[in-house]
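Enquirer: Sequence first, then the predicted structure, then my questions.
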Amino acid sequence: GDPGTGKSQIMKFAAKLTPRSVVTTGVGSTGAGLTVMATKDSGGEWMLEAGALVLADGGLCCIDEFDSIREHDRATIHEAMEQQTLSVAKAGLVCKLNTRTTILAACNPKGKYDPSCTLSVNVALASPLLSRFDLVLILMDSQDEEWDREVSSFVLREAEERQGTVPDSGEDGLWSLDKLQAYMCYVKSVFAPSLSPEAETVLMRYYQLQRQADQRNAARTTVRL
């Protein structure tokens, strides 16, 4: 999404909602830092240290500035995103680690987002990596006078409430963070959706049409669709 659309704030709040979460940024992150690294202990023996994806197993891994990760380091997380595992062969240590984590990544387009170009061109990410995301949400900074007024008023009101210059507006009717966390845990542990035969037919036909379309997006029409 475009800069200034609140991507980082959304990620921070998502991390608060999840009991187990890891937040990192693409600036300075390496493939070893995201997956696993081999280090020597005080006795000179090699050992493995878990990276962000392994630490977030069973939870949420938030990666901000995803486009800032180097291409080589970005390729190391392909297996983790598709197979939910990570095969490691470093310093004579061979093992397979679980990375059953939800990845929430945010990145900026090259300049302003151009709706006439494909997503892969706008964010400069390879199609094999984009196809591993189940959902892609585009946040555009459109010029809207009414929306700009609402955003600026909200920011100023929040600052005034923190300084105590105006009374707290109150948030009656809104759930607290603890209640939201409990609700999310309840949904993940109890809710088990099932597809009806009609829904399966619609999804199957949609996939076939997407594969046959002349203007199909190769990044979004693999079998992972």
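Expert: Thanks, I have it.
Enquirer: quick one, what contacts the nearest residue to residue 6 once chain neighbours are set aside?
Expert: In space, and not counting its chain neighbours, residue 6 is closest to residue 139: 7.3 Å by Cβ to Cβ, 6 or more residues apart in numbering. (C-beta placed from N, C-alpha, C; glycine too.) Neighbouring residues of residue 139 by Cβ atoms under 8 Å, 6 or more residues apart in numbering: 1-2, 5-7.
Enquirer: quick one: residue 139 from residue 116, how far?
Expert: 17 Å (Cβ to Cβ, to the nearest Å).
Enquirer: what residue of the chain is the furthest out?
Expert: The C-alpha centroid of the chain is most remote from residue 43, which lies 38.2 Å away (Cα atoms, centre = their mean).
Enquirer: gap between the two ends of stretch 54-63?
Expert: 14 Å (Cα to Cα, to the nearest Å).
Enquirer: what's the average pLDDT for it?
Expert: Per-region confidence: stretch 54-63 scores 90 on mean pLDDT.
Enquirer: Next up, identify which helix or strand residue 95 is on.
Expert: For residue 95, the element it lies in under DSSP states H and E is strand 93-98.
Enquirer: For whichever helix or strand comes after that strand, which outside residues touch it?
Expert: For strand 93-98, the succeeding helix or strand toward the C-terminus, using DSSP H and E, is strand 102-105. Defining contact as Cβ under 8 Å, 6+ apart, one finds that strand 102-105 is touched by 11, 14, 53, 59-64, 66, 77, 81, 133.
Enquirer: does residue 150 sit in a helix, a strand or a coil?
Expert: Put simply, residue 150 is helix when judged by DSSP: H, G, I helix; E, B strand; the rest coil.
Enquirer: That one: what's it in contact with?
Expert: By Cβ under 8 Å, 6+ apart, no residues touch residue 150.
Enquirer: That one and residue 156, how far apart?
Expert: As judged by Cβ to Cβ, residue 150 and residue 156 stand 11 Å apart.
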